[in-house]
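Visitor: Fold the following, please.
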Amino acid sequence: MKPFGVLLRDAMGRYGPLCVGIDPHPQLLRAWGLSEDVEGLKRFSDACVDAFSGRVALVKPQVAFFETYGSGGMVVLEDTIGALREAGTLVLADAKRGDIGTTMAAYARAWLADGPLGSDALTVSPYLGFGSLAPALELAAANRRGVFVLAATSNPEAAALQRTATTDGRSIAQTMVDAAAEHNDGAEFGSVGVVVGSTLDEAPDLSRLNGPILMPGVGAQGGGPESIRAVVPAPSLRAVLPSVSRELLGQGPSVAALRTRMTQLADEFAFLQAR
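Guide: So this is what the prediction gives:
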């Protein structure tokens, strides 16, 4: 079995670089004419699975919107992850887990092993120290799965922390990117990615990463091809995964309309995979 990074790179070459979110916001459920309950959540998720399976490089369910509905919501999430993976579509669980010791190890087993929530990759927060991610990084490597580390996010509250200079002059965000790069050193294409906002006015140096760069904020939040070009140097563009959710999901509940808009967005970002 190939490691996650190589599987993802192959999928990006086959389907384009998009990462598609499944974000069942209450307002989206209402816009789709669905009830704000487990049944509405299931119908929303089933439509997304139908629209995206086998058509996109990576699908990213936002875990919080499923947790809202308790155990019933988590069953829907389990079924959604399972259906996508059974169809051969890579799944990134957007859970943003971050803790220490045995707790982090338990999060890793939940999302990066073969249990009911087992996914191809997981978003993690390193802001208890990059070393706190060791249990997730080790299990991901053992199971040939991936991890996406929050590095430079675009929310305004983040700058005061993430742009702070360390004793060696690097920003904290840069230290996170550099630590991820160390894990990818020597790989064909690494399985430790980073999350960098597409609406930032500046980004860390990504040239050594040798792994995927997940860039949320595309569409409704103002990010797009030009903002990505502005912060990512040309040699690293092929590693970028623009993450789209509301921009795409607003086209539902029609599966055909979701697929049409996804194709349009893939065309907009096709330059990222140009040789």
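Visitor: Tell me where this structure has helices.
Guide: Ranges of helices in the chain, per DSSP state H, are 4-15, 26-31, 38-52, 63-67, 70-86, 101-112, 134-142, 159-162, 172-184, 225-231, 246-249, 255-268.
Visitor: quick one: low-confidence ranges for the stretch 101-250 of the chain?
Guide: 220 (pLDDT under 70).
Visitor: before we move on, back to that, could you export the helices of the chain to JSON lines, including columns for distance to residue 207?
Guide: Using the backbone N, CA and C atoms, a C-beta is placed for each residue, glycine as well. Formatted as JSON lines, those follow (distance: least, C-beta to C-beta, whole Å):
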{"stretch": "helix 4-15", "distance to residue 207": "17"}
{"stretch": "helix 26-31", "distance to residue 207": "37"}
{"stretch": "helix 38-52", "distance to residue 207": "31"}
{"stretch": "helix 63-67", "distance to residue 207": "31"}
{"stretch": "helix 70-86", "distance to residue 207": "32"}
{"stretch": "helix 101-112", "distance to residue 207": "28"}
{"stretch": "helix 134-142", "distance to residue 207": "21"}
{"stretch": "helix 159-162", "distance to residue 207": "19"}
{"stretch": "helix 172-184", "distance to residue 207": "9"}
{"stretch": "helix 225-231", "distance to residue 207": "13"}
{"stretch": "helix 246-249", "distance to residue 207": "28"}
{"stretch": "helix 255-268", "distance to residue 207": "24"}
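Visitor: okay, the ones you listed in a markdown table with mean neighbour count next?
Guide: Supplementary listing: these in a markdown table, determined by neighbours: other C-beta atoms under 10 Å:
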| stretch | mean neighbour count |
| --- | --- |
| helix 4-15 | 20 |
| helix 26-31 | 14 |
| helix 38-52 | 20 |
| helix 63-67 | 19 |
| helix 70-86 | 17 |
| helix 101-112 | 18 |
| helix 134-142 | 19 |
| helix 159-162 | 14 |
| helix 172-184 | 20 |
| helix 225-231 | 17 |
| helix 246-249 | 22 |
| helix 255-268 | 16 |
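Visitor: Residue 206 is nearest to which of these?
Guide: helix 172-184 (6.3 Å; C-beta to C-beta).
Visitor: which other residues reach that closest one?
Guide: Residues from elsewhere that reach helix 172-184, judged by C-beta atoms under 8 Å, 6 or more residues apart in numbering: 5, 126, 130, 137, 141, 149-152, 161-164, 166, 170, 190-194, 204-206, 208-211.
Visitor: Mind checking which of the residues you listed are buried?
Guide: Taking 16 or more other C-beta atoms under 10 Å as the criterion, what is buried in the contacts of helix 172-184 is 5, 126, 130, 137, 141, 149-152, 162, 190-194, 204, 206, 209-211.
Visitor: Neighbours of the nearest residue to residue 127 once chain neighbours are set aside, how many?
Guide: Spatial nearest neighbour of residue 127, chain neighbours left out: residue 98 (6.5 Å); criterion: C-beta to C-beta, 6 or more residues apart in numbering. For residue 98, the count of nearby residues is 20 (other C-beta atoms under 10 Å).
Visitor: so what's residue 98 up against?
Guide: 104, 124-128, 132-133.
Visitor: what pLDDT does it get?
Guide: Per-residue pLDDT puts residue 98 at 96.
Visitor: Also residue 275?
Guide: 60.
Visitor: Quickly note the distance from the residue in the chain sticking out farthest from the centre to residue 152.
Guide: With distances taken as C-alpha atoms, centre = their mean, the residue sitting farthest from the centre of the chain turns out to be residue 167, at 30.4 Å. Note on residue 167: its distance to residue 152, by C-beta to C-beta, to the nearest Å, is 19 Å.
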